[in-house]
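>>> Using only what follows, build the 3D model:
(chains A and B)
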Amino acid sequence: MNNNLKRGPLLSAGLFLGMGLGGFFDGILFHQILQTHNMLSASIPVVDLVSAKINMTWDGYFHAGVWVLSLIGVCLLFRAGGRQDAIWSGKVLVGAMLGGWGLFNLVEGVIDHQILGIHHVMEYAVDKLPYDIAFLISGVIFMLLGWLLVRAGSQSANSRKP
Amino acid sequence: MTNCLSAITANPGSLARAALLLPAFSSSPAWACFDCRKAVETQVYGPDFTLNLLALLLPLGILAMLGAAACYWDTLVGKFRKHNLNKNQSTNQNKAQNKDQQDEQ
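Below you'll find the model as predicted:
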């Protein structure tokens, strides 16, 4: 590996993309397909059409936020692609994306589920804590796997071929 | 930006189509069903709107800051390594000085 190559540009692009896509995964799978929770389902429980629509609106604001994160990721990836002094490796990108997804699960899980309590992973379960903990653990595992991939990719990465 | 402008000027139809979206931004804030629209609007865009929005965007803001910090990964790691290197060097120097003093004694 060329030690002068920078990891930051590709790493930050992958992290933003991972955080954005992780947010979309959460929104699509848990909010819409499985409907285990919505963004404010703990403070505004879904009991009728109006409360469902209110939660749908807040889900929309959340999706707008993760869309912005994804957009930043795409822009950063485009910039990293044009830099000769930056690492260009699929492993680093996938690792950073996995890390970003893990970071999303960890940060969102700690703030929204544990500190603010605006929703939980399984809102309608009797005991919500095990699911919230599993969500946090998944975040840590994704981050570890991502870090391993980034390390492996950095060691084998070469400078960009002209 | 220049590409976008040239694309719009080359194809004025795209601007007209984009303009069709404009009324959506100046209309009712939520187009829920007729029966529940008023209740939804009142409760979403009520006094708690800012608080709810801040609570919702707080983790995303923190994530964005972490992602932005990763842009400076190489600088941060470089500084950390340099700091450790200086620390080790000064520790080694101290050890050598102590040894010299002990030898003199």
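>>> Around chain B, which positions in chain A sit nearby?
Within chain A, the positions adjacent to chain B are A:6-9, A:11-12, A:15-16, A:19, A:23, A:39-40, A:44, A:49-50, A:53-54, A:57-58, A:61-62, A:65-66, A:68-69, A:72-73, A:76, A:96, A:100, A:103-104, A:107-108, A:111-112, A:116, A:118 by Cβ under 8 Å from any Cβ of the partner chain. Where you see a C-beta, it was placed from the backbone N, CA and C, and this is true even at glycine.
>>> where are the low-confidence patches of the chain?
If you meant another chain, say so; for now it's chain A. Residues of chain A that meet the criterion pLDDT under 70 lie in A:1-3, A:158-162.
>>> try chain B instead
Scanning chain B for pLDDT under 70 picks out the ranges B:1-18, B:20-29, B:105.
>>> can you give me the helices for it?
In chain B, the helices defined using DSSP state H lie at B:2-10, B:12-19, B:22-26, B:37-44, B:49-71, B:73-104.
>>> Weed out the non-buried ones from the residues of chain A next to chain B.
Buried residues within the residues of chain A next to chain B, defined by neighbour count using 16 or more other Cβ atoms under 10 Å in any protein chain shown: A:6-9, A:11-12, A:15-16, A:19, A:23, A:39-40, A:44, A:50, A:53-54, A:57-58, A:61-62, A:65-66, A:69, A:72-73, A:76, A:96, A:100, A:103-104, A:107-108, A:111-112, A:116, A:118.
>>> Centre-most residue in chain B?
Nearest residue to the geometric centre of chain B (Cα atoms, centre = their mean): B:Ala64, 2.4 Å.
>>> Enumerate every residue touching it.
By Cβ atoms under 8 Å, 6 or more residues apart in numbering or on different chains, B:Ala64 lies in contact with A:16, A:69, A:72.
>>> Need the residues you listed in a markdown table (columns: secondary structure).
Rendered in a markdown table, the data for the contacts of B:Ala64 read as follows (DSSP: H, G, I helix; E, B strand; the rest coil):
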| residue | secondary structure |
| --- | --- |
| A:Phe16 | helix |
| A:Leu69 | helix |
| A:Ile72 | helix |
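>>> Out of the residues you listed, the closest to chain B would be?
Checking the contacts of B:Ala64 against chain B with Cβ to the nearest Cβ, the nearest one is A:Phe16 at 4.6 Å.
>>> If we ignore the residues flanking it in sequence, what's nearest the closest one?
Nearest residue to A:Phe16, sequence neighbours excluded (Cβ to Cβ, 6 or more residues apart in numbering or on different chains): A:Gly73, at 3.3 Å.
>>> Taking helix B:37-44 as reference, get the angle to the helix or strand where that neighbour lies.
Using DSSP states H and E, A:Gly73 sits in helix A:49-81. Here helix A:49-81 runs at an angle of 60 degrees relative to helix B:37-44 (axes from the mean of the first three to the mean of the last three Cα atoms, to 10 degrees).
>>> Show me what helix A:49-81 is packed against.
Other elements packing on helix A:49-81 under the criterion 3 or more Cβ pairs under 8 Å, 6 or more residues apart in numbering or on different chains; DSSP states H and E are helix A:8-25, helix B:37-44, helix B:49-71.
>>> tilt between it and helix A:8-25?
160 degrees.
>>> and A:Trp101, how many neighbours does it have?
A:Trp101 has 27 neighbours, counted by other Cβ atoms under 10 Å in any protein chain shown.
>>> Which SSE is immediately downstream of the helix or strand containing it?
Counting by DSSP H and E, the element that carries A:Trp101 is helix A:90-108. Of the helices and strands lying after helix A:90-108 in sequence (DSSP H and E), the nearest is helix A:129-156.
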